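> Compute the structure for the input listed below.
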Amino acid sequence: MSKLDLTGQINGLTFNQLFLNASGVHCQSTEELDDLLNDPYMGGIVTKSATLAKRDGNPAPRYYELQNGSINSMGLPNYGFDYYIKYVLSDHAKPTILSVAGLSAADDVKLLHQIQDSDYDGLTELNLSCPNVIGKPQMAYDVDGTRALLDEIFAFYKKPLGVKLPPYFDLVHFDQIAAVLNKYPLTHVNTINSVGNGLWVDVASESVVIKPKGGFGGLGGKMVLPTALANVRALRQRLNASIKIIGTGGVQTGADVFAHILCGAELVSVGTQLQSEGLGVYKRLTTELERIMTDKGYQSLSDFRGNLKTI
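I've put the predicted structure just below:
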């Protein structure tokens with residue numbers, strides 16, 4: 001392994017490598033989660049976003065790989081909260097992040113009550129940003145609703161908690177959501193979830209490529225990198241220093257990872273590229289990142305984290 005310092009910290013917890021999986025990819029079963037934990041290039045793992053009860057998700061086909069990314073409408077398939085909290089309560093050699101996603105604000109509160117009442121003291125991530133549950137809006141686009149939800153949660157919740165956010169596209173929206181998030185003792189934000197409700201047309205068949213929602217789905221992969229970097233950068237400029245950022249979206253090369261860190265990410269997670277390339281992606285990305293750092297004379301991620309230059 002490298003002599004370079006590729007560590008990051010969230011809530012005082014050290015991740016010995018900077019990479020995580022994006023929740024939703026290779027993390028639904030305990031076997032898949034074990035695969036991630038056993039990869040020496042992974043700093044930690046994120047579970048599939050758990051709902052109160054098991055969900056099969058949306059009908060197939062619901063994932064389609066594009067030349068420059070992917071489109072999906074998975075619909076939160078998962079084995080349910082009890083399955084994942086049992087897993088994270090076991091002893092693991094690396095940090096785990098328990099991702100949870102209610103289908104309503106009331107569900108979110110129930111999930112957090114169950115974690116508060118459990119023996120789990122690790123990191124939890126509340127998913128406020130899934131664009132693919134049919135008929136359900138993304139909570140984090142409702143600034144007032146997000147404030148009300150977090151007020152209710154932090155009235156009783158005393159354990160480490162972060163949130164996963166959708167992409168924002170207007171500078172005033174960054175201002176608004178950051179003003180809300182800064183009111184609470186959040187450990188981190190994970191940005192971005194997929195860019196919601198894109199559409200891909202197969203010209204040969206004159207058809208959409210996924211079944212749910214008439215073909216509309218979340219976009220991921222290389223095409224969303226500029227949006228992901230913008231969200232990491234804009235939120236790092238606005239959030240309290242104590243709220244760390246997990247950069248997610250568009251990572252295909254070590255240069256993409258470097259850019260996420262330069263914009264202010266503490267850790268970086270990979271989704272679409274993990275899906276298409278498999279677990280070997282983390283070794284490759286680490287090698288490519290280390291080469292860039294060595295060429296630039298950097299020994300640690302902290303040497304350049306957040307130091308993006310402007311013109």
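> drop to CA atoms for contacts and neighbour counts, all remaining ones
OK.
> relative to its centroid, which residue of this protein is most remote?
residue 204 (34.0 Å; C-alpha atoms, centre = their mean).
> Residue 214: neighbour count?
Under the neighbour criterion other C-alpha atoms under 10 Å, residue 214 is assigned a count of 11.
> Mind giving me the packing neighbours of the longest helix seen in the chain?
Counting residues, the longest helix in the chain under DSSP state H turns out to be helix 281-296. Under the contact criterion of 3 or more C-alpha pairs under 8 Å, 6 or more residues apart in numbering; DSSP states H and E, helix 281-296 touches helix 254-263.
> Direction included, what does the helix or strand that the helix it packs on is followed by pair up with?
Following helix 254-263 in sequence order, the next helix or strand is strand 267-270 (DSSP states H and E). The pairing partners recorded for strand 267-270 under DSSP bridges are strand 19-21 (parallel), strand 244-248 (parallel).
> Work out the gap between strand 267-270 and the centre of the chain.
7 Å (C-alpha atoms, centre = their mean, to the nearest Å).
> what does it rub up against?
Residues from elsewhere that reach strand 267-270, judged by C-alpha atoms under 8 Å, 6 or more residues apart in numbering: 8, 18-22, 245-251, 257, 260-261.
> let's see 10 Å
Strand 267-270 is contacted from outside by 6-10, 15, 17-23, 25, 42-46, 190-192, 221, 244-252, 256-258, 260-261, 281-282, 301, using C-alpha atoms under 10 Å, 6 or more residues apart in numbering.
> Could you give the average pLDDT over the following helix or strand past it?
Going down the chain from strand 267-270, the next helix or strand is helix 272-277, by DSSP H and E. Taken as a whole, helix 272-277 has a mean pLDDT of 94.
> For helix 272-277, which helices and strands make contact with it?
strand 63-66, strand 69-72, strand 216-220, helix 281-296 (3 or more C-alpha pairs under 10 Å, 6 or more residues apart in numbering; DSSP states H and E).
> Show me what counts as buried in it.
272-275 (16 or more other C-alpha atoms under 10 Å).
> Same question for stretch 125-138.
So for stretch 125-138, counting by 16+ other C-alpha under 10 Å, buried means 125-133, 137-138.
> Stretch 194-206 now?
Counting neighbours by 16+ other C-alpha under 10 Å, stretch 194-206 gives 194-197, 199-200 as buried.
> same deal with stretch 95-108?
Here stretch 95-108 shows 95-103, 105, 108 as buried, counting by 16+ other C-alpha under 10 Å.
> which of those sit farthest apart?
Taking C-alpha to C-alpha as the measure, the buried residues of stretch 95-108 span a maximum distance of 27.1 Å, between 95 and 105.
> Name whatever forms a beta bridge with residue 198.
Bridge pairing for residue 198 - DSSP bridges - gives residue 217.
> measure it to residue 208 for me?
11 Å (C-alpha to C-alpha, to the nearest Å).
> what residues are shared contacts of the two?
Joint contacts of residue 198 and residue 208 (C-alpha under 10 Å, 6+ apart) are 215-216.
> now the strands: where do they sit in the stretch 101-250 of the chain?
For the stretch 101-250 of the chain, the strands defined by DSSP state E, counting those that start in this stretch cover 123-127, 161-164, 188-191, 195-199, 201-202, 207-208, 216-220, 244-248.
> and residue 87, which of those is closest to it?
Among the strands of the stretch 101-250 of the chain, the nearest to residue 87 by C-alpha to C-alpha is strand 123-127 (13.1 Å).
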